[in-house]
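S.K.: quick one, structure for this:
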Amino acid sequence: MYFLETTMLSYLVLLYPILVTATPTATASCAPGGYLSILSDFNLQLPIATSTGGTAEQIPASKLAGCNGYQNSDWFYWNTASSYLVMKAPPTSTPCAKTSGSEHCRTELREANPSSWSPSGTNTMTVKLQVAQADDGDYGTVIGQVFSASFSKPIIELYYNPEGVVTVGLETTTAGGHENFTNIGTIPEKTVFTYELNYSNDELTVSLNGGEANHFSVTQLGTPDAYFKVGDYNQGKSVSSEVDIMSINIVHS
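M.R.: You can find the predicted model right below:
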């Protein structure tokens with residue numbers, strides 16, 4: 001009987017090798033860059049400063065790369081049990097370091113390689129994530145952006161609120177601060193989903209879970225060169241936010 005069981009097990013291993021091929025498990029000693037190699041194409045903006053009263057600390061792409069790259073147990077780390085990148089940000093009621101021109105706290109990745117690109121080509125970013133906790137801002141936490149490299153303002157921001165409503169904020173002026181808002185779907189908190197930001201052939205689209213694309217005109221902005229941002233940009237006053245990222249895929253051509 002033992003021989004029969006051993007033989008059968010060997011046969012199954014040969015026939016179905018995937019059954020015994022496990023995905024490597026994240027370890028506490030390994031930084032997020034060891035699991036998401038694309039992090040080496042981003043700079044990281046944090047809600048902490050290197051000096052008292054200083055602006056937000058920024059970690060360059062070179063220091064995010066690999067298992068020995070940057071990690072922070074409060075704001076930016078790998079969840080060992082569920083295998084995803086945890087990005088947390090405090091509300092404005094909690095003192096935090098901010099980037100220049102912003103009133104809000106963030107733990108956010110800014111595309112650095114390339115640092116900008118033309119919308120006349122193909123440019124897509126697809127992110128698989130869950131929002132573990134959205135903030136109490138008017139439209140919730142910003143989880144993704146197409147950002148202008150020309151006038152240094154968002155072209156669009158993708159918001160997620162505590163009710164799971166996903167909203168696109170489309171900028172209407174190069175001065176910034178004049179967004180038009182469009183609800184594009186509802187996904188409950190702590191539910192894994194994907195979004196795609198596509199700024200290609202001078203047209204901008206946003207889609208959820210591979211569904212129908214929502215089209216947004218950017219002619220009022222002059223179709224500027226841009227770059228992608230992704231992460232946890234807290235818009236609230238009193239509620240912290242958490243965004244958990246499983247994967248980020250970017251295509252430029």
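S.K.: strands along the stretch 51-200 of the chain, start to end?
M.R.: Per DSSP state E, counting those that start in this stretch, the stretch 51-200 of the chain has strands spanning 58-59, 76-79, 84-89, 106-111, 123-133, 141-148, 154-160, 165-171, 179-186, 193-200. These are given in chain order.
S.K.: quick one: the closest residue to residue 74 other than its chain neighbours from residue 178, how far?
M.R.: Computed as Cβ to Cβ, 6 or more residues apart in numbering, the closest residue to residue 74 that is not its neighbour in sequence is residue 88, at 6.9 Å. C-beta coordinates here come from the backbone N, C-alpha and C atoms, glycine included. Spatial separation of residue 88 from residue 178 under the definition Cβ to Cβ, to the nearest Å is 29 Å.
S.K.: and these two? Which one has more around it.
M.R.: Per other Cβ atoms under 10 Å, whichever of residue 88 and residue 178 has more neighbours is residue 88, with 22 against 13.
S.K.: just the pLDDT for the more buried one.
M.R.: Here the pLDDT value assigned to residue 88 is 98.
S.K.: I'd say it and residue 72 touch.
M.R.: No: with contact defined as Cβ atoms under 8 Å, residue 88 does not count as touching residue 72 (9.2 Å).
S.K.: coming back round to it: which strand residues bridge the residue nearest to residue 74?
M.R.: Each beta-bridge partner of residue 88 is listed here: residue 242, as defined by DSSP bridges.
S.K.: for residue 37, grab phi and psi.
M.R.: For residue 37, the backbone dihedrals (degrees, to the nearest 10) come out as phi -60, psi -20.
S.K.: need the contact list for residue 164.
M.R.: 131, 186-189, 191 (Cβ atoms under 8 Å, 6 or more residues apart in numbering).
S.K.: out of the residues you listed, which is most surrounded?
M.R.: Using other Cβ under 10 Å as the contact criterion, the top neighbour count among those goes to residue 131, which has 26 neighbours.
S.K.: and the residue lying closest to it once chain neighbours are set aside, how far from residue 80?
M.R.: Distances taken as Cβ to Cβ, 6+ apart place residue 160 nearest to residue 131, at 4.9 Å, with adjacent residues excluded. When Cβ to Cβ is the yardstick, residue 160 and residue 80 sit 25 Å from each other.
S.K.: same thing with residue 153?
M.R.: The separation that residue 153 has from residue 80, given Cβ to Cβ, amounts to 37 Å.
S.K.: so these two - more neighbours on which side?
M.R.: For residue 153 versus residue 80, the count of surrounding residues by other Cβ under 10 Å is larger for residue 153: 17 against 13.
S.K.: which strand residues bridge residue 147?
M.R.: In this entry, residue 147 is beta-bridged to residue 154, residue 227, by DSSP bridges.
S.K.: pLDDT below threshold where in the chain?
M.R.: Along the chain, the model assigns pLDDT under 70 to residues 1-28, 53.
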